[in-house]
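[1] structure, please.
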Amino acid sequence: MFASSTFIQITAAVLTTFGFGILFNVKGNNLVHTCIAGGIGWAVYVFCHTHSYGLSFSYFAATFILSLYSEMIARIKKTPVTSILIAAMIPLAPGGGIYYTMLHILYKNYPLALSKGVDTLIIAGSMAIGVFSASALFRVYQEISH
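    As a prediction, this is how the structure comes out:
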């Protein structure tokens, strides 16, 4: 049961990434790599989540790994990393958290809105740190190797 659920989730992440890749005009082989990166990111998130890692670490790890993959592919293909990275991050984007924060504000349930809002900011911050860390790691590696 767990394996099929995980497979369905990763497949959905790949298809979501594919759709946003088309929307963002990612072309050719870059679209395939974008989809792979989106699937990798979601797979890492699911792995961390099922192994009881915290929410912020799960998002950090997923974004870090998909950013490393995007950086490697971008250097191999000599293409901007953002052409692969942006659409690949969409399945991880905390859209639900933003929605529920606003919903609780509209219903004047401010304590729950604050809780959801803080969780959403933590997720977004973890994702930003993951992208920044992978990019910095690649720059350090590039300086050392040259």
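
[2] next SSE after the helix or strand where residue 32 lies?
    Taking DSSP states H and E as the criterion, the element that holds residue 32 is helix 28-50. Past helix 28-50, heading to the C-terminal end, the next element that is a helix or strand (DSSP H and E) is helix 55-77.

[3] and the biggest helix by length in the chain, what does it pack onto?
    With DSSP state H setting the assignment, residue counts place helix 110-145 as the longest helix in the chain. Helix 110-145 is packed against helix 55-77, helix 95-106, with contacts defined by 3 or more CB pairs under 8 Å, 6 or more residues apart in numbering; DSSP states H and E. The C-beta positions use only the backbone N, C-alpha and C, and glycine is treated the same way.

[4] so which residue of this structure lies furthest out from the middle?
    Relative to the centre of the chain, and counting by CA atoms, centre = their mean, the farthest-placed residue is residue 108 at 30.7 Å.

[5] where does the protein dip in pLDDT?
    Applying pLDDT under 70 to the chain flags the ranges 1-2.

[6] spatially central residue for it, please.
    For the chain, counting by CA atoms, centre = their mean, the most central residue is residue 89, which lies 3.4 Å from the centre.

[7] do you know how far the nearest residue to residue 31 once chain neighbours are set aside is from residue 62?
    Distances taken as CB to CB, 6 or more residues apart in numbering place residue 21 nearest to residue 31, at 4.7 Å, with adjacent residues excluded. In this structure, residue 21 and residue 62 are 18 Å apart, going by CB to CB, to the nearest Å.

[8] for residue 78, give me phi and psi.
    For residue 78, the backbone dihedrals are phi 50, psi 50 (criterion: degrees, to the nearest 10).
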